[in-house]
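**Student:** I need the structure of the sequence given here:
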Amino acid sequence: MKKLLFLVIMALCAPLAGFASEGGPHLDKAPDRTNDPAALQHGAKIFVNYCQSCHSASYMRYNRLRDIGLNETQIRENLIFSSDKVGDLMKVAMQPAEAKAWFGVAPPDLTVIARARASEAGSGADWLYTYLRSFYRDDTRPTGWNNLVFENVGMPHVLWQLQGQQVLGEGHKLSLAKPGTLKPAEYDALVADLVGYLQYMGEPVAQTRKRVGIFVLIGLAVLFAFAYALKREYWKDVH
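**Tutor:** I've put the predicted structure just below:
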């Protein structure tokens, strides 16, 4: 009987073991920039200069950047390079059909990409942080680039001038063949700022939610104390 029970448990757990073995590539832990306004402002600058030419953030308005310490003049003069207004959505002029013809697939909207990429292997921020640092030269690909995290990705390495050119060596190890304008540590910091901004776009009120949540828990604790004291008063004669 015990042997039969053991076999049943093993049979039920086998699919779970298979899922665990398919966990995907190792993800590096992304530095937390979500509570650093200066880093988020830098990330917003990187986003509009390097990402927004192809990727929209159509659920995000420019004026939400006031929440990270920018005023409307700074937003208008430094982060808007079109006829868009501060209250407009962060869309791109590129048409989906054109993007699909050029890249094979239309670039995804990035408003909630940090939340969409979350998995058991790590958070969405970890995935993005590792992905943006894992491009390497691959002449077999149409763009000339490939990625360890997203194999055969259609996106070119738009930050290659900053990072330089990596090559894939033995054991799937990346090495820097041609340095970029930034040192590796500087590039990693830049990517961390960009990922922090992508996290912010996914939930602009995250920090407010966390602060309010603390007060809510404190309030519930106080109410619980009063409720417990009231319960004892009502039931003291029963016990």
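**Student:** skipping adjacent residues, who's closest to the residue nearest in space to the middle of the chain in space?
**Tutor:** Nearest to the geometric centre of the chain sits residue 114, at 2.7 Å (C-alpha atoms, centre = their mean). Closest residue in space to residue 114, ignoring its immediate chain neighbours: residue 124 at 4.0 Å, by C-beta to C-beta, 6 or more residues apart in numbering. In short, each C-beta sits where N, CA and C put it, glycine included.
**Student:** do the same with residue 149
**Tutor:** Closest residue in space to residue 149, ignoring its immediate chain neighbours: residue 131 at 4.3 Å, by C-beta to C-beta, 6+ apart.
**Student:** just to revisit the earlier point, cross-check the contact I'm expecting between the residue nearest to the centre of the chain and residue 126.
**Tutor:** No - judged on C-beta atoms under 8 Å, residue 114 makes no contact with residue 126 at a distance of 9.7 Å.
**Student:** point out where the protein drops to low pLDDT.
**Tutor:** Along the chain, segments meeting pLDDT under 70 span 1-24, 120-121, 239.
**Student:** can you tell me which helix in it is longest?
**Tutor:** Using DSSP state H to define each element, the chain has its longest helix at helix 206-235.
**Student:** chain center to that helix, what's the gap?
**Tutor:** In terms of C-alpha atoms, centre = their mean, to the nearest Å, the centre of helix 206-235 is set 33 Å apart from its chain centre.
**Student:** one more: stretch 232-239?
**Tutor:** Distance of stretch 232-239 from its chain centroid, counting by C-alpha atoms, centre = their mean, is 53 Å.
**Student:** repeat for stretch 132-146
**Tutor:** The chain centre lies 21 Å from the centre of stretch 132-146; the measure is C-alpha atoms, centre = their mean.
**Student:** tell me where the protein has helices.
**Tutor:** 2-21, 37-46, 72-78, 96-103, 113-116, 124-131, 160-163, 184-202, 206-235.
**Student:** of all the ones you listed, which lies closest to residue 84?
**Tutor:** Across these, residue 84 has its closest neighbour in helix 72-78 (9.2 Å, C-beta to C-beta).
**Student:** contacts for the closest one?
**Tutor:** 45, 62, 63, 65, 66, 86 (C-beta atoms under 8 Å, 6 or more residues apart in numbering).
**Student:** over to stretch 85-92?
**Tutor:** 48, 52-63, 72, 75-76, 80, 84, 111.
**Student:** go on, stretch 179-197?
**Tutor:** For stretch 179-197, the external contacting residues (C-beta under 8 Å, 6+ apart) are 30-34, 36, 39-40, 42-44, 46-47, 51, 114, 125, 128-129, 132-133, 159-165, 176.
**Student:** could you count how many residues lie near residue 67?
**Tutor:** Close neighbours of residue 67, defined as other C-beta atoms under 10 Å, add up to 14.
**Student:** picking that back up, mind checking which of the contacts of stretch 85-92 land in strands?
**Tutor:** Of the positions in these, 57, 58, 59, 60, 61 sit in strands, assigned by DSSP state E.
**Student:** isn't the second one up against residue 112?
**Tutor:** The one in question is residue 58. No - counting by C-beta under 8 Å, residue 112 is not a contact partner of residue 58; they are 10.5 Å apart.
**Student:** okay, those two: which has more neighbours?
**Tutor:** For residue 58 versus residue 112, neighbours defined as other C-beta under 10 Å are more numerous around residue 112 (18 against 13).
**Student:** how about the more buried one: what's its closest non-neighbour residue?
**Tutor:** residue 202 (4.6 Å).
**Student:** these two touch, right, that neighbour and residue 113?
**Tutor:** Yes - using C-beta under 8 Å, residue 202 is in contact with residue 113, at 7.3 Å.
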